[in-house]
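with the input below, show me the fold.
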Amino acid sequence: MKYFLLFIMMLSLQLFSQEKYIEMTNEDGKTILIKQDKRIKIVTEEGHRYFGRVNIIDEEHVVMRKDTITLSSVVKIQKRSGLKSALSAVIIVASSLAIPAGAAYVFVDSSLAGAISGSGLVGLPIGIVLPVVGKNYNKKHWKFAVVNQ
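Alright, predicted model coming up:
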C-alpha cells in the first residue's frame, strides 16, 4: 500500500509539472515548439552566434552556455540535431580514410583506385556541410515566444 501511494504521488507530480518551450509562429499560423534543453543555434541582432542546449529562464530570456540572450534580440533560430553531428563525423572520418586508401590501391588495381578516392573526395564536403544544412526560422517570418505547457 505504501508503494502504491508513493507511485500515485510521483505520477501526480509528473502530470502537474509544466515544461517551458520556445514557440515559433509564422504568418500562416503554423506553430513549432522547441523544448528546453534541446540543441539549437541562435543568431542575434548584434551578429553573435550561439550553439548548444537552450535553457529557458523566463518569458523573455534564455541561456546558452552561460550567456543570457533576450528573445527580442534573436534574429534566427535553427534546430541542431545530434544525429547530424555524429553522422557528419563518421562521414568525414570514412572519407578521410578512403582518399589515401584509394591512392595506395593504385599499386594493386588502378581501375578501382579512382572509385575509392573519388568516394572520399565526394564524401568529405558532404560531411562538412551536413551539420550546417537545416531549416532556419527567421524573425522576418516567425515570431518567437516562451510558453508553458
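
okay, CA-based contacts and neighbour counts for the rest of this
OK.

tally up the residues packed near M1, please.
M1 has 6 neighbours, counted by other CA atoms under 10 Å.

one more: G114?
Neighbours of G114 under the rule other CA under 10 Å: 16.

make sure I have this right: it is in a helix.
Yes: checked against DSSP: H, G, I helix; E, B strand; the rest coil, G114 lies within a helix.

ok, it touching G102?
Yes: between G114 and G102 there is a contact at 6.5 Å, judged by CA atoms under 8 Å.

where does the protein dip in pLDDT?
5-7, 9-17 (pLDDT under 70).

so what's R49 up against?
41-43 (CA atoms under 8 Å, 6 or more residues apart in numbering).

counting neighbours, which of those comes out on top?
Counting by other CA under 10 Å, top hit in those: I42 with 23 neighbours.

on the strand side of things, show who that one bridges to.
Taking DSSP bridges as the rule, I42 bridges to Y50, I77.

count the neighbours of L83 for me.
L83 has 10 neighbours, counted by other CA under 10 Å.

who touches the host helix or strand of it?
L83 is part of helix 82-104 when elements are defined by DSSP states H and E. Applying CA under 8 Å, 6+ apart, the set of residues contacting helix 82-104 from outside is 39, 112-124, 126-128, 130-131.

can you list the contacts of R49 in CSV and add distance to V147?
Shown next, in CSV, are the contacts of R49 (distance: CA to CA, whole Å):
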residue, distance to V147
K41, 19
I42, 18
V43, 20
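
nearest to F144, of these?
Nearest to F144, judged by CA to CA, of the contacts of R49 is I42 at 11.7 Å.

got the buried residues for the helix holding L83?
The neighbour-count check on helix 82-104 (16 or more other CA atoms under 10 Å) flags 84-85, 88-89, 91-92, 94-96, 98-99, 102 as buried.

Throw the residues you listed into a markdown table and include distance to E27, thanks.
Converted to a markdown table, the buried residues of helix 82-104 look like this (distance: CA to CA, whole Å):
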| residue | distance to E27 |
| --- | --- |
| K84 | 29 |
| S85 | 31 |
| S88 | 34 |
| A89 | 37 |
| I91 | 38 |
| I92 | 39 |
| A94 | 43 |
| S95 | 42 |
| S96 | 44 |
| A98 | 47 |
| I99 | 48 |
| G102 | 52 |
